[in-house]
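**Q** below: sequence and its predicted model.
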Amino acid sequence: MAMDITSKEITVEAEGFSDIKNITNEVQRFVAESKFREGIIHIFPIGSTASISTIEFEPALVQDMQDKLDEFASRDQTTRHGQTWGDDNGFSHMRATMMGPGITVPLHEGKPVLGTWQQIVIINHDNKPRERRIFLQVMGQ
């Protein structure tokens, strides 16, 4: 059985300081357009200050996640990166690195395999609003 691959780049506007945006609908739309029934979809942020993950996307949990990220790598801490480059976003690189950049989600019967309350999100860890570029790639048949 041959495997096919199709790719697409999407963009999402996001505020800074670990703003979390739900991209599940965009991913599902791309999968539907691809006509793939079985395989995997890889979702990857282009840039070193963003992460892709899954979460139950509801306001209280989003805030809890942002609070934990700030505890882990506080926006107020001095970093060598910030001192070297003057951009004061060393914390955002650490958050993105520790969370990991992208995720791979199984594709079954033409849909991403997600739990009832599980959504795919991009997290903009940077210290300013950004247009985040996200590369989507479906592999399968």
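**A** Structure received.

**Q** what lies in contact with stretch 50-62?
**A** Under the criterion Cβ atoms under 8 Å, 6 or more residues apart in numbering, residues 14, 20, 22-24, 43-45, 65, 95-96, 99-103, 114, 117-126, 130, 132, 134 lie in contact with stretch 50-62. (C-beta placed from N, C-alpha, C; glycine too.)

**Q** among the residues you listed, which lie within strands?
**A** The strands, defined by DSSP state E, take in 14, 20, 22, 43-45, 103, 119-124, 130, 132, 134 from these.

**Q** what's the closest of the residues you listed to Q28?
**A** Nearest to Q28 among these is I120, at 8.8 Å by Cβ to Cβ.

**Q** show me what that closest one bridges to in the sheet.
**A** T54 (DSSP bridges).

**Q** I'd say it and V105 touch.
**A** Yes: under the criterion of Cβ atoms under 8 Å, I120 makes contact with V105 at 7.0 Å.

**Q** which one of the two is surrounded by more residues?
**A** I120 (24 against 20; other Cβ atoms under 10 Å).

**Q** helix or strand with the lowest mean pLDDT in the chain?
**A** When the helices and strands of the chain are scored by mean pLDDT, DSSP states H and E, helix 80-85 comes last with a mean of 80.

**Q** name the helices or strands packed onto that one?
**A** Helix 80-85 sits against helix 90-99, with contacts defined as 3 or more Cβ pairs under 8 Å, 6 or more residues apart in numbering; DSSP states H and E.
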